[in-house]
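Novice: Structure for this input, please:
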Amino acid sequence: AELDEHAEGVHVSELDVGLKPTAELTRSMDEIGADIRARLVNLPASVGVGQPISHRIDHMLSGVRSQIAIKIFGEDLDVLRGQADALRAKLAAIPGLADLEIEKQVLAPQIKVRIDYDAAARYGVPAPQVLATLQSLVEGEKVAQIVEGNRRFALVVRLPETARSIEGLGQILIDTPTGRVPLSKIASIEDGDGPNQISRDDGKRRIVLSANAQGRALSDVVVDIRAAVASSPLPEGYFVTLGGQFQAQEEASKLIGVLSIVSLALMFVVLYSRYRSAVLAALIMSNIPLALVGAVLGLWLSGQPLSVAALVGFITLAGISVRNGILKVSHYVNLMRYEGEVFGLPMIVRGSLERLAPVLMTALVTAFALAPLLFEAEQPGTEVLHPVAVVIFSGLISSTLLDTFLTPVMFWLFGRKAAQRLADDDSAEAL
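Specialist: Residues are numbered from 1 along each chain as shown. As a prediction, the model looks like this:
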C-alpha cells in the first residue's frame, strides 16, 4: 500500500472506512474500534485499527504505525524471531493490549553460493574475484549504449533465466591462472531461504512487536509491558527497547514537571516582591493544593489518565487559583490601609464578601467556556482538550469552595503581622 511518506510491502493492505457524522453516532470511538477488532478477530491475518493522523504521528515517533513499538535487537535473525514469538505470547495476557503483532519477515527462496576458500586457493583464484564474476553475471553488467533516434538504451549482459538454477550456476566458468574451471569446483551451491528484508536501527538488526492500547490508559499498559520485558531473559548481546507515543508523553511530562517547579518558584518571587512577606506569599499559593484536590478527583471520576493535557490543565488551574487568593489578600490589606479597618474578624468577613462576586464570576465564566469541551468529549477535535477541561472545571469547584472559607481562616491565623506592616506603610501603592 503506497502512502505519502513511505511504502509497505505487498503483504500489507489498508482499508479506509468512513464513519457517520458525529451527531448520528450512538457509540464512542473506543466502542466502535473494539467492535471492529472483535469482528475481524477470526481473520488469518494481523489486524491493526487506528486513524490516519495517529498512524502518521506514531510512525514519526517510533517507525511503526502503532502506539507502542517493542524492538528486539540482535545479530541472528532466527534468534530474533524466536525471542519475538516468546515475548508476544507473554504480552498477549496483558489486559488492554490490542493489535499485538510481530513485524512481518517473509522467507524468500534463495540460491546460496558458499565459496570453498581452500579449493579457491589451490586454483589460485581469490574469493573477491569469484564474487565479482557472479555479481556481474547474475545482476548484469552494462557493456554499451544503443542510440535509436532521440532514445538511448543500455545494453546489459547477464545470464539467461535457464542458467540461474543450481545446475546452471555450477557450470559457470571462472578464470584462474591455470585456466577456466566450473564454479562447482570451488564453491558449494544449494537451495535455501532467507528473509525478504533485514531491518536495522542505528546499524543493529532488529525485529519489532507493535501494539495499541484499548480500554486502559496507555501509561498503565506500558507499565505491564515493562514488567513482562524485564522478566523475559534474552541471550547475551540481545536487548529490548520500547518506543512510541508513551515515550514522547513521558519526555513531555518530565519537561512540564521541571517547568512547573520553575513557574512556582517565580510565582513565589513575584508575590514576595509585591507583598514583601513570605507568609502572605505562601498563604496565597496555598490555593494551589486546594484546587488540585478537585482536579485529581475530577480525573478519577471521569476515568482520565494523568496525561500531558491534564498537566497543562494543572498549570492553568494554578494560575487561576492564585489569582483568587491575590484578590482577597490585597483587599484585606487595602481595607486596613485606606478605610481604617482594624485587623479582625469583621474586616475579614467584609473583605471576603466583597470579593466573593469577582471570584464566583471568574469561576462561572471559565466553566461556561469549558462546557463544550467538558460535555462533548467524543466530538472531533476535543479529544486532546477534554482532559484540560476536566482538570480546570473540577479544580475550580474545589478551589472556589475551599478558598471561600480557608483563605480567610489562614489569613486570620497567620497574616496579622504582615498585613499590619503593609497597612502602616503609607509610601506603598495600593495592592
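Novice: C-alpha from now on. contacts and neighbour counts both.
Specialist: Fine.
Novice: Can you give me the neighbour number for the residue lying closest to Gly294 once chain neighbours are set aside?
Specialist: Spatially, and ignoring its direct neighbours in sequence, Gly294 is nearest to Gly395 (4.4 Å; C-alpha to C-alpha, 6 or more residues apart in numbering). Gly395 has 31 neighbours, counted by other C-alpha atoms under 10 Å.
Novice: contacting residues for the residue in the chain sticking out farthest from the centre?
Specialist: Centroid-distance maximum for the chain: Thr178 at 63.7 Å, with C-alpha atoms, centre = their mean. Contacts for Thr178 were tallied using C-alpha atoms under 8 Å, 6 or more residues apart in numbering; they are 123-124.
Novice: Checking it next. Helix, strand or coil?
Specialist: coil (DSSP: H, G, I helix; E, B strand; the rest coil).
Novice: Local confidence estimate at it?
Specialist: Model confidence at Thr178, given as pLDDT, is 85.
Novice: any chance you could read off phi and psi for the nearest residue to Arg158 once chain neighbours are set aside?
Specialist: Using C-alpha to C-alpha, 6+ apart and skipping residues adjacent in sequence, the residue nearest Arg158 is Gly140, 4.3 Å away. Phi and psi for Gly140, reported as degrees, to the nearest 10, are phi 100, psi 150.
Novice: Is Gly140 in contact with Val157, as I believe?
Specialist: Yes. Counting by C-alpha atoms under 8 Å, Gly140 touches Val157, with 5.3 Å between them.
Novice: list residues touching both of the two?
Specialist: By C-alpha under 8 Å, 6+ apart, no residue touches both Gly140 and Val157.
Novice: what's the burial count for Leu292?
Specialist: 22.
Novice: Which of the helices and strands in the protein ranks last by mean pLDDT?
Specialist: When each helix and strand of the chain is scored by mean pLDDT, DSSP states H and E, helix 52-62 comes last, with a mean of 59.
Novice: Within the sheet, what are the partner strands of the helix or strand following that one, with directions?
Specialist: Toward the C-terminal end, the helix or strand that comes next after helix 52-62 (DSSP states H and E) is strand 68-73. When pairing is defined by DSSP bridges, strand 68-73 lines up against strand 204-213 (antiparallel), strand 239-244 (antiparallel).
Novice: any idea which of those strands is most buried?
Specialist: strand 204-213 (a mean of 22; mean count of other C-alpha atoms under 10 Å).
Novice: Show the pLDDT at the residue nearest the centre of the chain.
Specialist: Closest to where the C-alpha atoms of the chain average out (C-alpha atoms, centre = their mean) is Gln245, at 1.2 Å. Note for Gln245: predicted pLDDT of 73.
Novice: how near is Leu15 to Asp76?
Specialist: Distance of Leu15 to Asp76, computed by C-alpha to C-alpha, to the nearest Å: 34 Å.
Novice: Among these two, which residue is more densely surrounded?
Specialist: In this view Leu15 and Asp76 are compared by other C-alpha under 10 Å, and Asp76 has more residues nearby, 11 against 7.
Novice: so where is the stretch 1-150 of the chain shaky, pLDDT-wise?
Specialist: Within the stretch 1-150 of the chain, the segments meeting pLDDT under 70 span 1-11, 22, 46, 50, 52-65, 105-106.
Novice: What are the boundaries of the strands in it?
Specialist: Listed in chain order, the strands found in the stretch 1-150 of the chain under DSSP state E, counting those that start in this stretch are 68-73, 97-102, 107-115, 141-148.
Novice: Lys185 touches Ala119, doesn't it?
Specialist: Yes. With contact defined as C-alpha under 8 Å, Lys185 counts as touching Ala119 (7.3 Å).
Novice: quick one, which of these two is more surrounded?
Specialist: For Lys185 versus Ala119, neighbours defined as other C-alpha under 10 Å are more numerous around Lys185 (16 against 13).
Novice: ok now do the more buried one, which residues does it touch?
Specialist: Lys185 sits in contact with Ala119, where contact means C-alpha under 8 Å, 6+ apart.
Novice: hmm, back to that, would you mind measuring from the residue farthest from the centre of the chain to Ser28?
Specialist: As for Thr178, its distance to Ser28 is 79 Å (criterion: C-alpha to C-alpha).
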